[in-house]
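> next one to model:
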Amino acid sequence: MKIDHVTLLVSSLDRSMPYYEHLLPLIGFSKKKDHVWTDGSGFYFQFLQAKPDTYPYERYGAGMNHLGFGASSPDQVHSIRTAMQTAGFEVPDVQNLGGAIALFMKDPDGIRFEITYYPPGMAVVD
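Residues are numbered from 1 along each chain as shown. Next up, the predicted model:
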């Protein structure tokens, strides 16, 4: 089996979708229909409106911590940062993690995304 989709509940589709409409094409996804994006290989992101009066994302609470994507080069990490910043989103500096180059971003609800280039031979997760 493989993961075929991730559904993210957002506090406001109107506020969050501009963020994802800029980020997802940069990491290889295309829009299938409103609020559904695919990588073309059977994996999908689906975005739904969260119910009112629910708790927002909490980074160190139980549940998902972040979504990580592997970049093909350090230049790709830097170009994603530049494109998101140019689009008007707050984007932190790229970090060097002992050889890996990483960008840690968060969407309007605080959901974290990691874009990392791992040099050949470096483990993704230890």
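> contacts and neighbour counts: CA atoms only from here.
OK.
> how about the contacts made by the residue positioned nearest the centre of the chain?
What sits nearest the mean C-alpha location of the chain, by C-alpha atoms, centre = their mean, is residue 113, with 3.7 Å. Going by C-alpha atoms under 8 Å, 6 or more residues apart in numbering, residue 113 touches 66-69, 104-107.
> got it, and residue 37?
Per C-alpha under 8 Å, 6+ apart, neighbours of residue 37: 24, 29-31, 44-46.
> need the phi and psi values for it.
Backbone torsions of residue 37, given as degrees, to the nearest 10, read phi -130, psi 150.
> now residue 94
Torsion angles, degrees, to the nearest 10, at residue 94: phi -70, psi 140.
> and residue 23, its phi and psi?
phi -70, psi -50.
> next, the closest residue to it other than its chain neighbours: secondary structure please.
The shortest distance from residue 23 to any non-neighbouring residue, by C-alpha to C-alpha, 6 or more residues apart in numbering, is to residue 84 (6.8 Å). The three-state assignment at residue 84 reads helix, by DSSP: H, G, I helix; E, B strand; the rest coil.
> verify the contact between residue 84 and residue 24 for me.
No: with contact defined as C-alpha atoms under 8 Å, residue 84 does not reach residue 24; the gap is 10.5 Å.
> what helix or strand does the residue sitting furthest away from the middle of the chain sit in?
Distance to the chain centre peaks in the chain at residue 53, reaching 24.6 Å (criterion: C-alpha atoms, centre = their mean). Per DSSP states H and E, residue 53 falls between elements, in no helix or strand.
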